[in-house]
Structure formats: C-alpha cells, structure tokens
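K.L.:
From the sequence below, what's the structure:
(chains A and B)
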Amino acid sequence: MTSPLLEIGDVVVDLPGRGTVLRDITLAMASGESLGLVGESGAGKSMLARAVAGLLPAGAARLGTIRFDGAPLSRSRTGRDGARRRLGMVFQDARAHLDPRQRIGDFLLETTPRRARPARLPEVLALLDRVGLAEPRRLLDRYPDQLSGGMLQRIMIASVVLADPALVLADEPTTALDVTTQAEVVAILDELRRERGTGLLFISHDLDLAAQLCDRIAVLYAGTVQEVAAAGALAADPRHPYTRALFAARPDIERRLPRLPAIAGHPVAAYESGAGCAFAPRCDRAVDACGTALPELVGTEHAVRCLVAAPPAPATRREGVTRC
Amino acid sequence: MTLALALPAGRSRPRRARGVLGPVGWTALVLVAAMVLLAALAPWLAPYPVDQQDLLHPYAGPSPAHWLGTDATGRDILSRLLWGARTSLGGPALVVALSLAVGLPTGLLAAWRGGLVDAALARVLDVVFAVPGILIAVLAVAVFEPGLTPAVLALAVAYLPYVARTTRAAARAQRDLPYVEALELQGMGGLRICVRHILPNILGVVLAQVPVAFALALVDLASLSFLGLAVQAPAADWGVLISDTSALLQGHPEQAVYAGLAIVTTVVALTFLGDRLTEGRPVARARKEKR
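P.N.:
Below you'll find the predicted structure:
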C-alpha cells in the first residue's frame, strides 16, 4: 500500500444530544480496494460513511483526520472541496435520496452541461442496460414514484458510476431490497467496481455478503473497530469474541440448529460503553481487566482489539501478530 | 368455503397526470381567462364610457340599453364593471407577483443559509408582518401621492411576509431531506439545489397561498380606493363599486352585488385552478426515522 486512497486517522464523532458515536477509528484503503464495514445496528457504520462523505448531522463534532487521495476532507457539509466530487455514495433508501419531482433522465444527466447531454445519452442508456434495467429509453421520462425500489437502487448505482468516482461509499445498498434483487445489485456493484478500479467502502450488517464482496473487512462494535482482516482470514479465523459470535449467530442452511446462538444482551453505543472494552458485558470470555482498560487495536494484517483474543488458529495460520 | 378479501385500493384516488386539469380545472381556467379577456377588451366591449352620466335615469333597472342598469348618477353599471376589472384584476395580480418575486428568493435564502441570515431575515419579516397592510399603504400614499402605483407597491411589501414565511417553513423541511444531501454530495451548488430541486417540491404549498393573497389584496385595494387613496374617481373599480354605500343606503345594492359576484367568481376560479395546477406528482416529505 503506497499512498492510500482513503485514510481515516483517529476519528471521533460526537453527536449533539447523544454523545460519542465513533471512537478512535483508524482505517486505510488502497485505491481499487474494497473494504467491508460490518456490525450491528447502531454500531456506527453509517455514521462513519457520513463522516467520510461530510454528511454528518448539524452540530456534530468530528475530530481526527480523513484524507482522501492525499488531501484532507473538510468536516462540514457546506465545505465544497474538489476531492468530494470524486466520491460517490449509494444509499440504503434510494427513493428518499432522489428528488421526487425530477425525471430519471434529468437526474442522471443533471451534472452534465446541457450541450454535452445528447452526446452522453448513449453512454447513459448503455449503463442502464448494464445494470439490468429494461427499456432504458422509456425509463428516462419516468419519475421515481413510478419505479420500484430495486429499479431506483440500480439507477442510483448507475448515476454513481456515471460520475466516475475514485471511491464509492455503499451504505447498506441492498438492505431495502428483496434477496434476489439484492444478489443482482451486489453483482452489478462488484462488476462495475472491478472494471473501473474504483475503491468500495461497503457497509452491511450481512457478514457473508461483505465477505463475498470485499477484500478486507472491518468489524465495528459500539463505534470502535474491533477487528480488521482480509475477508478470507476473518472468515477462517475470527479472533475477536464479537466477530466469532457474529459468525456463530448467522443462519446457515447446512448447519441446522434448533435455535441460533444469539449474542446475549443488547448492543450499546459508544457513549454508553464504560472505560473498558465495549463488548465486555456481553462477552463470554471477558476477564476482570476487560472492564477497566480499552484495549488497543493490535496487529497489521489481521488487527484485533481484545485482551483475550483467540490465538491464531494453527491450521490457517497467517502472518498476523496478535498480542494477548 | 371461499374467503373473499377486499383488495386494498392502491391509492385513495387516481392520480391525475401532470398538466391534466380535469373538468373543474378547465372550467376554472376558462373563467379566469374570460375575466382577463373582458378586462383587456373593456375599451371595445363597454357599451358606454366609464364616466358618462345620465342624471335623468338614476338607479334604472336592467333594460336593453343598460343590461345591468345604472347607478346614482345614471352611469352604466356594465361598463363600470368591465372597466373596473382592469384595476381590480391587475392591481392584486401585481401585488401578488411582486411579493412572490421577492418572497420566494427571500424564503429560500433564509432556509438554505440558516443561522444568522435566517434569524435576521425572519425578524425583519416578523416586523413587516406585524404592521397592517393598509397602514403601510396609507404611509406610502402619504409620502408619495394617492394613486394605484404606490398602493400596489405598499401592499406588495405588506404581503411579502405571507409568501416568504411560507416558503421558508416549507424549504426548511426540505433542507435536511436525504435527497438534498445526496445532491450536495454530488457537489451541486446551493443556488441550483434551491431553484431546481427544493422550489419544485415546495411550489404547491406556496402557490396555494396565491388565490387567497389575491383576494385579500383585492379587498385591501378596494378599501384604499374607498378612502380615496388608490383608484381615483371617476375611474371604476370592483372594490369602489362595492363600497359605494350611498347606493346601498338608497336601497340599490345591484352594483355591489354584481361587483361582489365578479370578485367571488374570480377568486374561486383561481383557487381551483391553483389547486389543479399544483397537484399531481408527489413531493418530497420527511419520513419517520426507522429507529
């Protein structure tokens, strides 16, 4: 990794009236890399994406640095730096993120100068066809309320691809879609990304989906990164008790259980967690020390934030350095 | 045994495609157009000059010579109604157009910028709102001279807060909607977002005020004319025709009734027209958060 595409350093986000929602986030992405961000609801996944996009709610305070392509991104949403134009975002609820009074064609071509639009039209139509939308020409005259959620999400993806960004933030792009559409949308996203060498920050609460799509995965809990590793390594050898619990709690068709082993207790937000490890109260391996000090994120290739992290499994040993 | 389930209707009423008025809308459009045409063509349509008196036939009833009769000094009521339509329609239309022209940008600016700009603009609007329109008009006429122009300008100022406050409130609700954030993320400028995206989404709410404001301005201008501050005698105006109390006291309400009918028809037609023009496509609304 020479110069990272996205560099998140010691980012802390405080929301007015709620408190800290993100703590000590340090992550880096190489250009063309795809990083999965997984965690339960309220873990701060979306907030991290919003911090990168500069879309934090009014009054939110952000500490730390977010560098995109070497240049620091401004904190406020009104700050207009050129770098942000090379950032695309696919939202969970495509319908809410489209102007209901604007035709699809106008939406897709809005940032293109009026005179250049006819020349750009074939590209737009080809792209709509690529993302699996039939009769793209007729689609251009439609309004968002005349289309389904899946179609809108495809249009959203097409619009992001049209802008040709260096990094795409995908905030649970498939959560609002049914499973078959979900698979298609993910495949489209992946295909386009690989073709164009775009970086992808994929936010999901679906570990399997993230593991399938991403090169690396970061597991978030209570606003802190608990474990970062290559997707394969994480699936084969989850070291943080939380990651293990997440893997254990997912349904598997080959492994029919009478009841899924849910994680006891409720997820907490960063501001609700005490001095120690945020997961300690729900952790089945917690020791006394877990409640007093927040462990560091240790390791390079496979980093874990845990005092009692499981040692690397001998069979699939990788060059992760874990201090216990 | 069969179980019959009533399928829920998808929409409570069929959504009209944009631009299609429906029978009510068309009727309203025809009425408004007719009023405007009658006013524009008054010099050619009116059977008598507006101020031609016939002192021998005051308060004449309808006759072939005078379709709607005559007033206290024998002037033809139909002619006065036609001539009066010019100021009665033109005056309030100007008032509303001017206050829209200034109020829409003001409201959008306040909502978009927020903070100090918003606070300053909102307080100024509150102050203007607190002063009755008639009072502003009386002041304007006192400073300049009695006539339609100062009265219209003063009323435009007085009606500015209606438009600006409605715009501001509606635009503020749009400001934090996800689609605006998405547009901002695309690097789109505030002016473009306001004009191309927020404005179409709030226009229905703001334009719903127009027929009401038009009617109120019409009545205000009539009051000013009655006080001799706006439309000057012997020129006719619907408001002047209504407020001619001498005729009423003599037991001849005809001209007031005709002028009143003209006002009511115009305002009702405008209301329906505005309603039909602005409905159709759904607009962006805040939705409840999931959590």
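K.L.:
so where's chain A shaky on pLDDT?
P.N.:
A:1-2, A:75-82, A:310-324 (pLDDT under 70).
K.L.:
For the host helix or strand of residue A:107, what is the distance to the chain centroid?
P.N.:
Using DSSP states H and E, residue A:107 falls within helix A:104-109. Centroid separation for helix A:104-109 versus its chain: 26 Å, with Cα atoms, centre = their mean, to the nearest Å.
K.L.:
Give me the neighbour count for the residue of the stretch 101-250 of chain A found nearest chain B.
P.N.:
In the stretch 101-250 of chain A, the residue that lies nearest chain B is residue A:101 (4.2 Å; Cβ to the nearest Cβ). The way it works is simple: take the backbone N, C-alpha and C, and place the C-beta from them, glycine included. Neighbour count for residue A:101, taken as other Cβ atoms under 10 Å in any protein chain shown: 25.
K.L.:
quick one, strands of the stretch 201-324 of chain A?
P.N.:
With DSSP state E, counting those that start in this stretch as the criterion, the stretch 201-324 of chain A has strands at A:216-221, A:224-230, A:303-304.
K.L.:
closest one to residue B:27 among those strands?
P.N.:
The closest of those to residue B:27 is strand A:216-221. By Cβ to Cβ, the value is 60.9 Å.
K.L.:
which residues sit against that closest one?
P.N.:
Strand A:216-221 is contacted from outside by A:27, A:33-40, A:43-45, A:48, A:207, A:210-211, A:225-231, A:234, A:240, A:242-243, A:246, A:267, A:278-279, using Cβ atoms under 8 Å, 6 or more residues apart in numbering or on different chains.
K.L.:
Show the buried residues in those residues.
P.N.:
A:27, A:33-40, A:43-45, A:48, A:207, A:210-211, A:225-231, A:234, A:240, A:242-243, A:246, A:267, A:278-279 (16 or more other Cβ atoms under 10 Å in any protein chain shown).
K.L.:
Just the element for the residue of the stretch 101-250 of chain A closest to chain B, please.
P.N.:
Applying DSSP H and E, one finds residue A:101 in no helix or strand.
K.L.:
Leaving out the residues flanking it, which one is nearest to it?
P.N.:
residue B:200 (4.2 Å; Cβ to Cβ, 6 or more residues apart in numbering or on different chains).
K.L.:
residues touching that neighbour, list them.
P.N.:
Taking Cβ under 8 Å, 6+ apart as the criterion, residue B:200 is in contact with A:99, A:101, A:102, B:283.
K.L.:
Helix, strand, or coil at residue A:168?
P.N.:
Judged by DSSP: H, G, I helix; E, B strand; the rest coil, the three-state class of residue A:168 is strand.
K.L.:
and the spatially closest residue to it that is not a sequence neighbour, what are its phi and psi?
P.N.:
Residue nearest to residue A:168 in three dimensions, not counting chain neighbours: residue A:88, with 4.7 Å by Cβ to Cβ, 6+ apart. For residue A:88, the backbone dihedrals (degrees, to the nearest 10) come out as phi -110, psi 150.
K.L.:
Tell me who's in contact with residue A:88.
P.N.:
Neighbouring residues of residue A:88 by Cβ under 8 Å, 6+ apart: A:160, A:161, A:163, A:165, A:167, A:168, A:169.
K.L.:
top of these by neighbour count?
P.N.:
residue A:169 (27 neighbours).
K.L.:
quick one: that one from residue A:152, how far?
P.N.:
Taking Cβ to Cβ, to the nearest Å as the measure, residue A:169 falls 17 Å from residue A:152.
K.L.:
Check residue A:140 too.
P.N.:
With Cβ to Cβ as the criterion, residue A:140 and residue A:152 are 14 Å apart.
K.L.:
Pretty sure residue B:147 sits against residue B:230.
P.N.:
Yes. Using Cβ atoms under 8 Å, residue B:147 is in contact with residue B:230, at 7.0 Å.
K.L.:
one step back: closest one of the contacts of residue A:88 to residue B:38?
P.N.:
For the contacts of residue A:88, the nearest to residue B:38 is residue A:163 (53.9 Å; Cβ to Cβ).
K.L.:
tell me which element the closest residue to residue B:181 other than its chain neighbours falls in.
P.N.:
Excluding the flanking residues, the one nearest residue B:181 by Cβ to Cβ, 6+ apart is residue A:55, at 5.2 Å. When elements are assigned from DSSP H and E, residue A:55 belongs to no helix and no strand.
K.L.:
How about residue A:186?
P.N.:
Going by DSSP H and E, residue A:186 is part of helix A:179-196.
K.L.:
Does anything pack onto that helix? Which helices or strands?
P.N.:
Packing partners of helix A:179-196 (3 or more Cβ pairs under 8 Å, 6 or more residues apart in numbering or on different chains; DSSP states H and E): helix A:149-162, strand A:167-171, strand A:199-204, helix A:207-213.
K.L.:
what do you get if the cut-off is 10 Å, keeping everything else the same?
P.N.:
strand A:34-38, helix A:117-130, helix A:149-162, strand A:167-171, strand A:199-204, helix A:207-213 (3 or more Cβ pairs under 10 Å, 6 or more residues apart in numbering or on different chains; DSSP states H and E).
K.L.:
Mind putting those into JSON lines with distance to residue B:205?
P.N.:
Output for the helices and strands packed on helix A:179-196, formatted as JSON lines (distance: least, Cβ to Cβ, whole Å):
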{"stretch": "strand A:34-38", "distance to residue B:205": "39"}
{"stretch": "helix A:117-130", "distance to residue B:205": "31"}
{"stretch": "helix A:149-162", "distance to residue B:205": "25"}
{"stretch": "strand A:167-171", "distance to residue B:205": "30"}
{"stretch": "strand A:199-204", "distance to residue B:205": "35"}
{"stretch": "helix A:207-213", "distance to residue B:205": "41"}
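K.L.:
so which of the ones you listed comes closest to residue B:25?
P.N.:
Closest among the helices and strands packed on helix A:179-196, using Cβ to Cβ: helix A:149-162, at 30.5 Å.
K.L.:
For the closest one, list the C-alpha coordinates in PDB.
P.N.:
C-alpha atoms of helix A:149-162 as PDB (Å, rounded to 0.1, in the frame of the first residue of the first chain):
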ATOM      1  CA  GLY A 149     -37.100   0.300  -5.000                       C
ATOM      2  CA  GLY A 150     -34.800  -2.200  -6.900                       C
ATOM      3  CA  MET A 151     -35.000  -0.200 -10.000                       C
ATOM      4  CA  LEU A 152     -34.200   3.000  -8.200                       C
ATOM      5  CA  GLN A 153     -31.200   1.400  -6.500                       C
ATOM      6  CA  ARG A 154     -29.900   0.400  -9.900                       C
ATOM      7  CA  ILE A 155     -30.500   3.900 -11.200                       C
ATOM      8  CA  MET A 156     -28.600   5.200  -8.100                       C
ATOM      9  CA  ILE A 157     -25.700   2.900  -8.800                       C
ATOM     10  CA  ALA A 158     -25.700   3.900 -12.500                       C
ATOM     11  CA  SER A 159     -25.600   7.600 -11.500                       C
ATOM     12  CA  VAL A 160     -22.700   7.000  -9.200                       C
ATOM     13  CA  VAL A 161     -20.800   5.100 -12.000                       C
ATOM     14  CA  LEU A 162     -21.500   7.900 -14.400                       C
END
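K.L.:
what ranges do the helices span in the stretch 201-324 of chain A?
P.N.:
Assigned by DSSP state H, counting those that start in this stretch, the stretch 201-324 of chain A shows helices spanning A:207-213, A:231-236, A:241-249.
K.L.:
Alright, calling it a day.
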